[in-house]
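1. give the three-dimensional model of this entry:
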Amino acid sequence: MNKRIYLFLLGLGFVVSQASAQEIPLKEKKLFGDLKARQIGPALMSGRISDIEVHPTNNKIVYIGTAGGGVWKSGNAGTSFTSIFDDHAQSIGAVAIDPSSPDRIVWVGTGEVWTRNSVSVGDGIYRSNDGGINWKKMGLEKSERISSIEINPNNSDEVFVGVLGALYGDNEERGVYKTSDGGKTFKNLGNMHADIHDIAYDIKDSDKLLVATDGGLYRTWDGGTTMEIVANLPVSQFYHVSVDNKSPYNVYGGLQDNGSLYGPSVSPGGIEARDWNSVGAGDGFRVYKHPTKDIVYSEMQGAENVWRYDIQRNQTKSIQPLAVKGINVVTWNGMVKQPKIAKGKTFSYGGFTSPRVQAGKYKVVMTKGKQKYETIIELINDPKSLLTEQERKEQYETTMSLYNLSQELAYMVYELDAHLEKAE
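-> Predicted coordinates for the structure are as follows:
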């Protein structure tokens, strides 16, 4: 049978849907109507904090930008935070307080700049003239990722902005921008390079620090001798979520670099960090509850097994699927072998780059015993994608180069171990 299937592969710009299905507009009320999202956490393990900014004269006021949870403000030196950017892009690259008007003017650059396989994008730069209560987009809509914002301390209208732009290939948006009119217009000055995480000192007490990490915001009152997480920042980045059949139901999910957790959908007095429970470690991904037993299954990036967590006994066991009768082979002519994960005596290396597949027609073969079932799928480029053919080509070539390098490094580990064994 021949059947056209449109697939949407995240990060590649492919679209997925049945050929006969109608296109669904994925825009706010057109999709969700009056259905509103509500925050349920978890803040037990927070998420990637991209920037910290402390008021230059009032150490109680702190702003933080997050990779996937917007902008938050504290009025009590980081003891608690309030979300102040909910109506705008939630991926934040930089926050800046105007040194000459710190009580009023705050700038936010959207789009995190941590260039990895799962990264969000922004939609420009914003400015608040009332300490974060209201926001106005000032421009740079195609910047995608803003890494830094510097304000002239003697002239609030003069601002420099570092823009990373699209991840792959050259693009006109990348560079350092300058505005001399408070954001009404921007001029590109040249190329730039940026880092991400941040550390901020208390302006009146250097023993007090705030530290931005992949796992949330940490604070210390004694110069770093002891650290504690700020446990009221629910900005975790979920790869995947699921629910169980209980009433009220529980929510399960894997977090980027912060393990796997589950928590309630409701809780007396509101859901708190303590209501969430850890069931896995590492770079969490899929998490599923057994339909009838108090068992939770989870996995992580790079793991060779699945974890089986017994809620009643608080015990975790590593398991692997066994061979069973039925469908045992599914192949398609676009498959590329995943890079090896080298576990050597000297050091370990696992590739973080997955292979990419280009647009085109592919044959899928499913084998069940002696029977084979075949179909044709067609991958097409997302018609709404802004990438040009040249940019797609560069993206593909760059990714595959990194993929091949991953394999070469993995094999080098094995070769090094073989030489060490001979030397012994």
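2. in the stretch 101-250 of the chain, which spans are strands?
-> In the stretch 101-250 of the chain, the segments counted as strands under DSSP state E, counting those that start in this stretch are 106-110, 125-128, 136-139, 146-151, 159-163, 175-179, 187-190, 199-201, 209-213, 216-220, 228-229, 238-243, 250-255.
3. to Gly270, which of these lies closest?
-> Comparison of those against Gly270 by C-beta to C-beta identifies strand 250-255 as nearest, at 14.9 Å. (Glycine included, C-beta is placed from N, CA and C.)
4. mind putting the strands of the stretch 101-250 of the chain in JSON lines, mean neighbour count, distance to Tyr297 and mean pLDDT included?
-> Below are the strands of the stretch 101-250 of the chain laid out as JSON lines (neighbours: other C-beta atoms under 10 Å; distance: least, C-beta to C-beta, whole Å; pLDDT from 0 to 100):
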{"stretch": "strand 106-110", "mean neighbour count": "28", "distance to Tyr297": "36", "mean pLDDT": "97"}
{"stretch": "strand 125-128", "mean neighbour count": "23", "distance to Tyr297": "41", "mean pLDDT": "98"}
{"stretch": "strand 136-139", "mean neighbour count": "16", "distance to Tyr297": "43", "mean pLDDT": "96"}
{"stretch": "strand 146-151", "mean neighbour count": "22", "distance to Tyr297": "39", "mean pLDDT": "88"}
{"stretch": "strand 159-163", "mean neighbour count": "25", "distance to Tyr297": "42", "mean pLDDT": "87"}
{"stretch": "strand 175-179", "mean neighbour count": "19", "distance to Tyr297": "47", "mean pLDDT": "86"}
{"stretch": "strand 187-190", "mean neighbour count": "11", "distance to Tyr297": "50", "mean pLDDT": "82"}
{"stretch": "strand 199-201", "mean neighbour count": "16", "distance to Tyr297": "38", "mean pLDDT": "68"}
{"stretch": "strand 209-213", "mean neighbour count": "20", "distance to Tyr297": "28", "mean pLDDT": "76"}
{"stretch": "strand 216-220", "mean neighbour count": "21", "distance to Tyr297": "26", "mean pLDDT": "83"}
{"stretch": "strand 228-229", "mean neighbour count": "14", "distance to Tyr297": "27", "mean pLDDT": "86"}
{"stretch": "strand 238-243", "mean neighbour count": "16", "distance to Tyr297": "10", "mean pLDDT": "90"}
{"stretch": "strand 250-255", "mean neighbour count": "24", "distance to Tyr297": "9", "mean pLDDT": "93"}
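5. and these: which comes nearest Asp51?
-> Judging the strands of the stretch 101-250 of the chain by C-beta to C-beta, what sits closest to Asp51 is strand 209-213, at 6.7 Å.
6. still on that earlier bit, who wins for proximity to Gly41 among the strands of the stretch 101-250 of the chain?
-> Between the strands of the stretch 101-250 of the chain, strand 250-255 lies closest to Gly41; by C-beta to C-beta that is 8.8 Å.
7. what pairs with that closest one, and is each one parallel or antiparallel?
-> Using DSSP bridges, the strands paired with strand 250-255 are strand 238-243 (antiparallel), strand 260-264 (antiparallel).
8. now for the helix or strand where Tyr403 lies, which elements pack on it?
-> Following DSSP states H and E, the helix or strand that holds Tyr403 is helix 389-423. Applying 3 or more C-beta pairs under 8 Å, 6 or more residues apart in numbering; DSSP states H and E, one finds that helix 389-423 makes contact with strand 341-343, strand 348-350.
9. returning to what we had before: for Asp382, which of the strands paired with strand 250-255 is the nearest?
-> Here strand 238-243 is closest among the strands paired with strand 250-255 (C-beta to C-beta), at 20.9 Å.
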